[in-house]
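Participant: what follows is a predicted protein model with its sequence.
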Amino acid sequence: MDKIESAVGTAGTSRRTLLRGAAVAAGVLAVQACTPGPNTSSGSGNGSKVDLARKGSEAKPLAVPARLGESPELARLVQAGSLPPVAQRLPKRPYVVPHRWLQSGKYGGKLNLPSTDDVTYAPKEYFYGHSPLRWINDGRDIAPGLVESWESNPGYTVWTLHFRKGLKWSDGQPWTTADVMFWWEDMVLNEEYAEGIPDEARSGTGTVAKVTAPDEYTIVMTFDAPSPMLPELLANWVKRGLGAGWMEPKHYLKAYHPRYNRNVGKDWTTKFDQMRDFTTNPKSPTMNGWQLAEYHQGRSSTWKRNPYYWVVDQQGNQLPYLDTLSFEVVAQTETRRLKIHNGSYDYVHGPFVGMTLADVAPLKRNVAKTKYQLHLWDSGSGTGSVFFFNQDYYEPKMRALIREPKFRQALSYAFNRADVRKAVYFDSGELTTGGYGPKTLELTRGEGPSMYQKWRDSFVRYDPELAKKMLDELGVVDKDGDGKREMPDGGKLVIDLDYPADSAPGGETLQKNHLLKKHWDAIGIASRLNPVPAASYEDRWEQGQGISKTEWEASTVTMAADMVWLMPMEPSRWAPLQGAFYSLRGTAAEKQQLDVDPYKRKPPRAEPEPGGPIARLWELAGKVRVETDVVKRDSLLWQMVKIHLEHGPFFIGSVANYPQVVLVKEGLRNVPTKEQTGNGGLVNDWHHPVPAAYDPETWFWA
């Protein structure tokens, strides 16, 4: 579930922009030429053939090797007496990376990486160290993380999480469940700080779980209803940076919290946030493979090996292999693109820095100079660049038209997605009305493939004559003879295609928007591209002032654990006020201000229409969240999809599951190819963090 543009601009949950590049025809040929088959060079950067027997990852945890090793750098510190031996730095049973494609690596060296701006979330996607559980095999399996084992009672209402014994923060201090409880009690439940209740801490009825720590290694979560999806929710995101925090170093941060220090002052939250941010403050302890060494605002950040990282390779060597990571901030799109095309970096994750299919042809021409191996991983996207209306738009007449399914269906039929597929995605991927992607777990089993096709194809056909007929039936016709259709009451009708003003000029969003405008203008629907200042973009939307969003896309690992596109759950998607209402379930604010105009409530929020599609989606979602039988749970999800087929599209997609560009410098090993991953890659969903899910700590220089 991602935005597209703002990994190269503004927002945290976005993925990519499309840059200007070679002509479409040349790009198509280049994409086809570099799409690897089963016997092409591996992503390990060694030029060898892919061994499909080494595809994917072991689903069951590997045994801890009898002997432990460490980097020469750390061994010297141990010998000098300034660092404990490796056995004392690692937990009793460290996590052993389970990927079958891995080679035994060697220590040393650094990785030079591009970054887009000083506040981008993308670099955090390299680090999975704070996650209780982990996705492996492209989301098909769940592996242990900081949590070594977990179990529930028969009713799935009580979950017990057993954390690894002997974990340590990067400063050498013990990690215990006190760090989880500090986050939970002093940040999440603290009304002054109010980090927010994460989805994994709510039951299917919306009430907040009871979280306790009976000892230093155990967390117990007690729900008032079955919560069978908890493991999937715990594997989502990278935690403490993108998803829920789940832990903070209490020993370090309590000095900045009023519960432990009465002298922090009334504005303590600002200082607290500065000190907890491990991406800008080198003193903030971390559990990731690398810790911040230097931070130069707007220019660069350098990360050094964490000597207490709790993960080892399959031979027992403590990771990471690489000494340092160095992110260079290059905010200007064309400058960054030029540096990449000149081979300035060692690894380039295309979605984070604006590299996409338009860059394939010139990159292939420059291989001799750049020494890049160019790979394509599956995006897993369900929509490509998407358009969606604000179902809670403040103006009543326009809101009523937006909520009319036939109106949105007509606009979908008027959208020639084939033009977008050719111009933006270089004839890759598959045309889609919009939905979740084909790699979503529930869409790969049972009736899933059939439901995916129905959702994908529901209103995808390009049929402008049908679109015009449907609009005529709604009374959306040209009443004044100016060639443009008016509202049913004769009022002016203009659809703003809103997008953040700092979006890349030649990017995916704007290319798609220009084509969308062209297609809608052709049936008499007036539309205009409307750049909105990035600073006010989200606030405007959440207050019901924005009429549309055009820079997002939809994707997920599992629908049951991520229903944010199926229904409003928070205020950033297609029904922001109803999403805000849903997000406050189980809190004291849920019953407050109900006699106040929804647009004047703080935050603005509104109940769904009784018996309407959103109310029905919420009802079904409540059943999904408590259903313990997978087949029955999937059946409930298909009922939710059917509401989209009847009352949608709630979001209008373009192209699903197109490829993403990944550049690997010659000699960099253990970066998997599409064929070596468990399911061809799953890049575009931030719940499945990439490259973190492939453990960059295992990468090394040959």
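Facilitator: Thanks, I have the structure now.
Participant: please, where are all the strands along the stretch 401-550 of the chain?
Facilitator: 430-431, 494-500, 526-532, 548-549 (DSSP state E, counting those that start in this stretch).
Participant: list the helices and strands the third one packs on?
Facilitator: The contact analysis (3 or more Cβ pairs under 8 Å, 6 or more residues apart in numbering; DSSP states H and E) places strand 526-532 against strand 494-500, helix 508-522. Backbone N, C-alpha and C define where each C-beta goes, glycine included.
Participant: the longest one - contacts with which helices or strands?
Facilitator: This points to helix 508-522. The helices and strands touching helix 508-522, judged by 3+ Cβ pairs under 8 Å, 6+ apart, are helix 417-423, strand 494-500, strand 526-532.
Participant: what's next to the longest helix along the chain, contact-wise?
Facilitator: Across the chain, the helix with the greatest residue count (assigned by DSSP state H) is helix 630-647. Contacts with helix 630-647, where a contact means Cβ atoms under 8 Å, 6 or more residues apart in numbering, come from 228, 405, 435, 442, 445-448, 451, 454-455, 458, 559-560, 563, 566-567, 613, 616-617, 620-621, 623-624, 627, 650.
Participant: let's see it at 6 Å
Facilitator: 405, 442, 446, 451, 455, 458, 559-560, 566, 613, 616-617, 620, 623-624, 627 (Cβ atoms under 6 Å, 6 or more residues apart in numbering).
Participant: repeat for stretch 226-244
Facilitator: Under Cβ under 6 Å, 6+ apart, the answer for stretch 226-244 is 121, 124, 127-128, 130-135, 142, 155-157, 159, 198-200, 203, 246, 558, 560-561, 626, 628, 687, 689, 692.
Participant: how long is it from one end to the other?
Facilitator: 21 Å (Cα to Cα, to the nearest Å).
Participant: repeat that for stretch 463-483.
Facilitator: 19 Å.
Participant: identify each buried residue in that stretch, please.
Facilitator: 463-464, 467-468, 470-471, 474, 476 (16 or more other Cβ atoms under 10 Å).
Participant: and for stretch 560-579?
Facilitator: For stretch 560-579, using 16+ other Cβ under 10 Å, the buried residues are 560-569, 571-579.
Participant: pull the contacting residues for residue 412.
Facilitator: Shown in contact with residue 412 (Cβ under 6 Å, 6+ apart): 459, 649, 652.
Participant: low-scoring stretches of the stretch 501-650 of the chain, by residue?
Facilitator: Applying pLDDT under 70 to the stretch 501-650 of the chain flags no residue at all.
Participant: same check on the chain?
Facilitator: 1-50, 52.
Participant: hmm, 50 instead?
Facilitator: 1, 3-30, 32-48 (pLDDT under 50).
Participant: and the nearest residue to residue 269 once chain neighbours are set aside, how many neighbours?
Facilitator: Nearest residue to residue 269 in three dimensions, chain neighbours excluded: residue 193, at 5.7 Å (Cβ to Cβ, 6 or more residues apart in numbering). Applying other Cβ atoms under 10 Å, we find 16 residues neighbouring residue 193.
Participant: how about the nearest residue to residue 108, chain neighbours excluded?
Facilitator: Spatially, and ignoring its direct neighbours in sequence, residue 108 is nearest to residue 323 (5.9 Å; Cβ to Cβ, 6+ apart).
Participant: just residue 620 next, same as before
Facilitator: Nearest to residue 620 is residue 640, by Cβ to Cβ, 6+ apart, at 5.0 Å.
Participant: against residue 202, how distant is that neighbour?
Facilitator: 18 Å (Cβ to Cβ, to the nearest Å).
Participant: and what of residue 698?
Facilitator: Applying Cβ to Cβ to residue 698 and residue 202 gives a distance of 35 Å.
Participant: so what's residue 392 up against?
Facilitator: 544, 575-577.
Participant: returning to what we had before: any idea how far the residue nearest to residue 108 is from residue 265?
Facilitator: Distance from residue 323 to residue 265, by Cβ to Cβ: 39 Å.
Participant: and what of residue 485?
Facilitator: 58 Å.
Participant: so for these two, which residue has more residues nearby?
Facilitator: The residue with more neighbours, out of residue 485 and residue 265, is residue 485; 22 against 12, by other Cβ under 10 Å.
Participant: nearest residue to that one in space, please, no chain neighbours.
Facilitator: Nearest one to residue 485, counting by Cβ to Cβ, 6+ apart, is residue 524 at 4.4 Å.
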